[in-house]
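# Sequence and predicted structure are below.
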Amino acid sequence: MKKLNYNASGVIFTDEPHLNIGSGVLILAHDTFFGTDLAVRTAAAGAGTLLTLNVDYTIGGQDTRLTTLTGKTVYANISIINGAYQTGTLYFSGKYVGDYADAGDINNLLSGWIPFTMPLSYSSGTAFTYPADLTSTLQKGYGVKFTQNGIIKFFYDITAPSYAAPDSTVTVSPGNDSSGNIVTIEDTATYPITNAYWTPNPQAAFGFPIFFNYAPTWGGNGGMTYTSITGLIAKFKIIGDMIKVFLRAEGITGGAAGTGITATYPIAPNDTTNINYASGAGLTDGGGSTYIAGVMLVTTTFIFKRYDGALWGLGTERRVTGDTEYLY
């Protein structure tokens, strides 16, 4: 979520949810708010119980400078003092005044990164949830980074976020760390996410990988197998709606000879029924010096075929190299 500029009249916010707040200090999605406009309820849309100031909660961190500028008392934090409301979800409404800019924000903005202002939560190994509507903030092809379990992790956002109040769900690509190791999203109940940022231009954002490594599943068609893979390179990058993939492998073919060696996608194409993208490929069908021109097809998987459509031989030294791009 973007930083909020100072607004002397305040910017209205409604039903901002926070779960299991406990007895600690709560910072809302933006740094400062008017105390007189704050309402805290146990349900959204004006329903549920309206909490009482200084009975159920207190507000603190008064900003005297902003109070003078606006003519209304401005605060920065909230504490829930009634234990009955320290678990479960509370909904906050009121008027924000603006956000503070700190050195970390400035450095990250200069390096192309924009901070998330509320916590990210685990949904799956390739998806997280966020307690606000991100449908007008994140887009397909944007980049995400955060720290989890001591590792800085990078991902692409591969679909437009979905929103079902109060949460957005963001689906991401296979991830990498800064060393190119493949990573996933781990359960935030065990490994909370910190230092979370997003970028609309991942290729220009500082530290974002130029290519991501991934782990394809290799095989063959027509009953052929492809095993004992060595010399593997499997990389991808995303630019907007396009994904570019580079593959290289050497292995052993077995079983019944087929016409193609196959590899799974890092991210599925947007249409797997009507596509047949083709790119040139280099193949070695046995023997260290017999290079055969081939084609790398994008159908239901990547398929490496000989130029003449003949069956692959069976045995060692079956090599494939190719790159292609497709819409996802």
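All right, it came through fine. Numbering: from 1, shown residues only.
# quick one: the strands in the stretch 51-200 of the chain?
Taking DSSP state E, counting those that start in this stretch, the strands of the stretch 51-200 of the chain run over residues 57-60, 74-75, 77-80, 89-98, 114-115, 121-124, 127-130, 143-148, 151-156, 162-164, 167-171, 175-177, 182-183, 194-199.
# Check which helices and strands the fifth one sits against.
It stands for strand 114-115. helix 103-110, strand 194-199 (3 or more Cβ pairs under 8 Å, 6 or more residues apart in numbering; DSSP states H and E). The way it works is simple: take the backbone N, C-alpha and C, and place the C-beta from them, glycine included.
# how many neighbours does Ala268 have?
14 (other Cβ atoms under 10 Å).
# Val11 too?
Look at Val11: counted by other Cβ under 10 Å, it has 15 neighbours.
# next one: Ser173
A count of neighbours around Ser173, defined by other Cβ under 10 Å, yields 22.
# cool, Pro209 as well?
Neighbours of Pro209 (other Cβ under 10 Å): 20.
# Over to Thr259?
Number of residues near Thr259 (other Cβ under 10 Å) recorded here: 17.
# I'd assumed Leu283 was in contact with Arg319.
Yes - between Arg319 and Leu283 there is a contact under Cβ atoms under 8 Å: 6.6 Å.
# of all the helices and strands packed on strand 114-115, which has the lowest average per-residue confidence?
Looking at the helices and strands packed on strand 114-115, the lowest mean pLDDT belongs to helix 103-110 (a mean of 59).
# what about the spatially most central residue of the chain, distance to Asp323?
Geometric centre of the chain, nearest residue: Val172, 4.1 Å, by Cα atoms, centre = their mean. For Val172, the distance to Asp323 (Cβ to Cβ, to the nearest Å) stands at 23 Å.
# same question, Leu28
Taking Cβ to Cβ, one finds Leu28 at 47 Å from Asp323.
# And those two? Which one has more around it.
Neighbour tally, Leu28 and Asp323, criterion other Cβ under 10 Å: the higher count belongs to Leu28, 20 against 15.
# Make sure the more buried one is indeed in a helix.
No - under DSSP: H, G, I helix; E, B strand; the rest coil, Leu28 falls outside any helix and is assigned coil.
# before we move on, back to that, check the gap between the residue lying closest to the residue nearest to the centre of the chain once chain neighbours are set aside and Leu50 for me.
Closest residue to Val172 apart from its sequence neighbours, by Cβ to Cβ, 6 or more residues apart in numbering: Phe155 at 3.7 Å. Separation of Phe155 from Leu50 (Cβ to Cβ) stands at 40 Å.
# and these two? which has more neighbours close in?
Set Phe155 next to Leu50 and count neighbours by other Cβ under 10 Å: Phe155 wins out with 27 against 12.
# Helix or strand with the lowest mean pLDDT in this structure?
Sorting the helices and strands of the chain by mean pLDDT, DSSP states H and E puts helix 103-110 at the bottom, at a mean of 59.
# Against Phe92, how distant is the closest residue to Gly61 other than its chain neighbours?
In space, and not counting its chain neighbours, Gly61 is closest to Ala76: 3.3 Å by Cβ to Cβ, 6+ apart. Applying Cβ to Cβ, the value for Ala76 to Phe92 is 14 Å.
# same check, this time on Asp31
14 Å.
# Could you do Glu16 as well?
From Glu16 to Phe92 the distance is 5 Å (Cβ to Cβ).
# Could you name every residue contacting both of these two?
Taking Cβ atoms under 8 Å, 6 or more residues apart in numbering as the criterion, Glu16 and Phe92 both touch Leu28.
# Give me the nearest residue to Leu69, chain neighbours excluded.
Per Cβ to Cβ, 6+ apart, closest to Leu69 is Ala8, 6.4 Å.
# Give me the secondary structure label for the one you found.
coil.
# Neighbours of it, how many?
So Ala8, with other Cβ under 10 Å, has 11 neighbours.
# tell me the contacts of it?
Leu69, Thr70, Val97.
# cool, and Ala263?
Counting by Cβ under 8 Å, 6+ apart, Ala263 makes contact with Pro216, Thr217, Trp218, Gly219, Ala234, Leu247, Ala249, Thr301, Phe302, Phe304.
# Can you turn the buried part of the contacts of Ala8 into a ChimeraX selection?
Command for ChimeraX that selects the buried part of those, burial taken from 16 or more other Cβ atoms under 10 Å:
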select :70,97
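# Just checking: the least confident one among the contacts of Ala8 is which?
Here the lowest pLDDT out of the contacts of Ala8 sits on Leu69, with 90.
# about what we covered before: got the strands of the stretch 51-200 of the chain as TSV, with distance to Ala256 columns?
Compiled in TSV, those are given as follows (distance: least, Cβ to Cβ, whole Å):
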stretch	distance to Ala256
strand 57-60	70
strand 74-75	73
strand 77-80	67
strand 89-98	57
strand 114-115	53
strand 121-124	36
strand 127-130	38
strand 143-148	43
strand 151-156	38
strand 162-164	43
strand 167-171	37
strand 175-177	36
strand 182-183	32
strand 194-199	48
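# Since that was my last question, I'll sign off now.
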